[in-house]
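> How does the following fold in three dimensions:
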Amino acid sequence: MMNEVMMSRPVGIINHQRLFHVCSRAQPMLKLTYLPAFITTVFRGMPGVWKSQHRLLLCWLIVMQAVYPGRKTLHELACWSPRQITEWRLRRLLKASYWCVHLLIEWLAHDVMTQLPPAEDGTIYVIGDGSHKPKRSLHNPIAQKGRHSKHKDWFFGIRFALLIVAWDVYRIPVSFRIILPKMHPEYRKENTLFRDMLKEFKPPSWAKQVIVEGDAAYGAKANIKLVQQLDKADASRDWNFVFAIPRTWKTTDDKSVKDLVTHLPRRCYKRTWIPRLSEPRYRKTYWVYAKRLCLRDIGEVTLVLSKTGRNVSPGKTKLLVTNLPDVTARQVVWLYQNRWSIELVNRNLKSDVGLGQHQVRGDLDRHEKSFGIALLAYLLVLRLRHHEIIPGKPWSLSELQHSLQLSVITNQVEHNVTVKLAHEYKAA
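Okay, here's the model as predicted:
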C-alpha cells in the first residue's frame, strides 16, 4: 500500500557500515517503500489543507530529495520510491497552485531553530545573497544570461535570492525568491525581493539582537532604512546592520566616500587578524581603518575600510558600514566574515540536495516549488540530524546526509524482513 509507513519495530541488529557498502556497490540506493516513524513525526505539524494524497506525495518527495545519492530528477526520485509514487504524480503535485512552498519553508525553518541550542549572547545573523543555477534549455521562460561583474564569466541559468539565519556554527535557510528576467512582466529588483523576505522573517523568541548582513549588491539605502524601521517597530530586540557599500555614497556635508578611500595615507591603516570561519585554527590578516561619520539619508554610522594588504590599491579596498555602537574595525570585519555562511549554504543546496535538478517547465510557481523542495530537504536533514552537530566545531551537510541515509536504509531492511516473516508465518 502507498501509506505503508508506520511499522517501526526492529527485527534483529543491522551492521550499518556493511549494509551501506553492499547497497552502494550493488546499486545507487535500496528502493524505499517505508518511511520510519522518526521521519513521519516531523511532518505531523505540516500546515496547509491538502487534496487527494498530495501531503503524502510531498513527504516522499522531500525525503527522497534529502537521502537519494544520485541526480535528483523527478524521474530518478520516482524510480526509487514506492510504485505508487510516479513521475507524473510528482509533476501534478508541483503543478498544483493551491499550496505555498514558502509557508512550508517558514514552518520547517522555525521548527529547526527551536530544536537547536540558542546563542549564548542572544545574537543571530540574517544574511542575504544572490546566486544562480545553470540551465541548458533556451526555452525556459525564467532563465537569463548575465554575470555578477565585468571580471567574471557569463552564465545562463535561473537567478535566485536567498536569506539564511546563522549563529555559532549553525546556518539555516529561511526564505528564497526567484529573480525573473528584466523583460518579464512580473520582474522585481533583487533588493526588493530581499526586503520582502526580511519583512516576513520572524526571529526566534530567544534572539535579543538581529544583525542583518549583505555584500555591496545588498548595501542599498532602502535596505538599511528597512533595518532601521524594524529596529524602531520591534521593542523586544535590537536590529543592526553590517553592509558593504559602494564608494559613490556621500556624507551630509556633501563629501564623497570615494575621496576618503583614495587619499587616505597608508600609515592610517592598522594591521589586524581574525580567525577563519571555516578553519578557526588559522587566521587571516587585514589592514583596516575606522571612522565615525554621518551619511546622507542614513545617519550616524561607523565606516570601516578593509584591505588584504598594506600596499593594496584603493580600488580593491572594501567599504563596510554598521550602526552598531562602540565597535572596533576588527569587530566589524569579523562580523562581515559571517557572510561566508550563505556561500556554504548555496554550495550545499546545489551539490548535496539537488537544487534545480527536477527538470520542470512552465510558469514561475512550478519552478518556485521545485526550488523550495531542495530547501525543505536541507532543513529536514538538519531537523533529523542536528544532534550530531557539535557546537563550536565545523560540520558538513554531506556527513549528516550520509548518516540519515544509513538510518533510512537500515529501517527499510528491517521492514522488509518483518514483512517477509509475516508472509511466511501466514503461509505456514
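
> measure the residue nearest the centre of the chain to Val413 for me?
Per Cα atoms, centre = their mean, the C-alpha nearest to the average position across the chain is that of Pro173, at 3.2 Å. Distance, Pro173 to Val413, by Cβ to Cβ, to the nearest Å: 32 Å. Placement of C-beta: from N, CA and C, glycine included.

> How about Gln357?
From Gln357 over to Val413 the distance is 27 Å, taken as Cβ to Cβ.

> related to what we said a few turns ago, given the helix or strand hosting the residue nearest to the centre of the chain, what are its sheet partners and their directions?
Assigned by DSSP states H and E, Pro173 belongs to strand 170-179. Applying DSSP bridges to the sheet, strand 170-179 is found paired with strand 155-167 (antiparallel).

> ok, now which ones touch the nearest residue to Leu382 once chain neighbours are set aside?
In space, and not counting its chain neighbours, Leu382 is closest to Val112: 5.1 Å by Cβ to Cβ, 6 or more residues apart in numbering. Taking Cβ atoms under 8 Å, 6 or more residues apart in numbering, we find Val112 in contact with Ile172, Leu379, Leu382, Arg383, His386.

> Go through the residues you listed and flag which are in strands.
The strands, defined by DSSP state E, take in Ile172 from the contacts of Val112.

> Counting neighbours, which of the contacts of Val112 end up buried?
Buried members of these, counted by 16 or more other Cβ atoms under 10 Å: Ile172, Leu379, Leu382, Arg383, His386.

> now those in a markdown table, with pLDDT and distance to His423?
Below are those laid out as a markdown table (pLDDT from 0 to 100; distance: Cβ to Cβ, whole Å):
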| residue | pLDDT | distance to His423 |
| --- | --- | --- |
| Ile172 | 96 | 44 |
| Leu379 | 97 | 37 |
| Leu382 | 97 | 38 |
| Arg383 | 96 | 34 |
| His386 | 94 | 38 |
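
> Those into TSV, with extra columns for distance to Trp287?
TSV is the format used below for the buried ones among the contacts of Val112 (distance: Cβ to Cβ, whole Å):
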residue	distance to Trp287
Ile172	33
Leu379	39
Leu382	37
Arg383	42
His386	39
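
> Specify which member of those is nearest to Leu58.
Nearest to Leu58 among the buried ones among the contacts of Val112: Leu379, at 13.6 Å, using Cβ to Cβ.

> list the contacts for the nearest residue to that closest one once chain neighbours are set aside?
Using Cβ to Cβ, 6+ apart and skipping the chain neighbours, the partner closest in space to Leu379 is Leu108 (4.4 Å). Applying Cβ under 8 Å, 6+ apart, we find Leu108 in contact with Leu376, Leu379, Leu380, Arg383.

> Next, the buried residues of the host helix or strand of Ile124.
Assessed by DSSP H and E, Ile124 sits inside strand 123-134. By neighbour count with 16+ other Cβ under 10 Å, strand 123-134 contains the buried residues Thr123, Ile124, Tyr125, Val126, Ile127, Gly128, Asp129, Gly130, Ser131, His132, Lys133.
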